[in-house]
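K.L.:
no sequence for this one, just the structure:
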Ligand SMILES: C[S@@+](CC[C@H](N)C(=O)[O-])C[C@H]1O[C@@H](n2cnc3c(N)ncnc32)[C@H](O)[C@@H]1O
């Protein structure tokens, strides 16, 4: 069966066996092999390797041609193919259905690039139910996500990713590894989820929105950005004084702890 890549679904397939191994190796198989959820299995490049190593793989694919192709070419009781839009998936219910109690849950994807951000934020919103995510994305986004303060790519995504877990830039994947070949290179990142920071705020969604707004105008000082957020520059000045943050700094000069300090003060 010939499968033509559909551009509107962000289909760029990989087939290099070395690359596939390298990506799948990032999922730990100890202390116990967990439930693996793959977003966008495509023609099954990663999926075939995953079912060799893990007891249960759930693959969510929006394209029914590909879902049918997978169902007819992979015959394994370990694989569950779900023909749906990942953004419509209720991960909690999915894990209840396919996982075992207390089993670690891993996410893996060569992400459909057109919805990288919505998927990332959907995953963040469910971070407590996942152990680790291995995601391939455009290199520029990977650099932003894994950047640290004062680095030139640092933005709200960098802060939010650190809030939800330990992030790591794993490796670069040149564009020629994909079929069809995209215009830009990609990179694989990993995120190991943690609850440490989550416990500090009552509403993580509000924190995510707060950080986003504080980066609204990167060139302006934190005083200006916070003033706009609060609609009150004087109050912003007092808040920054209380948490001992230099009001002349820019958002890119503040680390996660500093954003949390400001937010916690406003939250209390
Ligand atoms: C970059 S391709 C990766 C394919 C395959 N995993 C590989 O590495 O060769 C992205 C895959 O995500 C699928 N996809 C796109 N949008 C999706 C969505 N909203 N929900 C689920 N899958 C989606 C595409 O159809 C495609 O199979």
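P.N.:
The structure has been received and is ready for your questions. Because the structure is predicted, anything quoted here is derived from the model rather than measured.
K.L.:
Contact residues of this structure facing the ligand?
P.N.:
The chain comes close to the ligand at residues 9-14, 39-43, 45-46, 60-63, 66, 85-87, 110, 112, 115, as judged by CB under 6 Å from any ligand atom. The way it works is simple: take the backbone N, C-alpha and C, and place the C-beta from them, glycine included.
K.L.:
which of the residues you listed count as buried?
P.N.:
By neighbour count, with 16 or more other CB atoms under 10 Å, the residues of the chain next to the ligand hold 9-14, 39-43, 45-46, 60-63, 66, 86, 110, 112, 115 as buried.
K.L.:
from the stretch 151-268 of the chain, which residue is nearest to the ligand?
P.N.:
Nearest residue of the stretch 151-268 of the chain to the ligand (CB to the nearest ligand atom) works out as residue 178 at 7.5 Å.
K.L.:
need the contact list for the residue lying closest to that residue once chain neighbours are set aside.
P.N.:
Nearest residue to residue 178, sequence neighbours excluded (CB to CB, 6 or more residues apart in numbering): residue 12, at 4.0 Å. For residue 12, the contact set (CB atoms under 8 Å, 6 or more residues apart in numbering) comprises 5, 110, 113, 178, 179, 180, 181, 182.
K.L.:
if you set the cut-off to 7 Å instead, what comes out?
P.N.:
5, 178, 180, 182 (CB atoms under 7 Å, 6 or more residues apart in numbering).
K.L.:
okay, now residue 218: neighbour count?
P.N.:
Neighbours of residue 218 under the rule other CB atoms under 10 Å: 13.
K.L.:
so it makes contact with residue 252?
P.N.:
Yes. Residue 218 lies in contact with residue 252 (CB atoms under 7 Å); the separation is 6.1 Å.
K.L.:
quick revisit: can you add neighbour count and secondary structure and give the contacts of residue 12 back as TSV?
P.N.:
Formatted as TSV, these follow (neighbours: other CB atoms under 10 Å; DSSP: H, G, I helix; E, B strand; the rest coil):
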residue	neighbour count	secondary structure
5	16	coil
178	21	strand
180	11	coil
182	15	coil
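K.L.:
Can you pick out the most distant pair from the residues you listed?
P.N.:
The distance between the two most remote of the contacts of residue 12 (CB to CB) is 10.6 Å, for 5 and 182.
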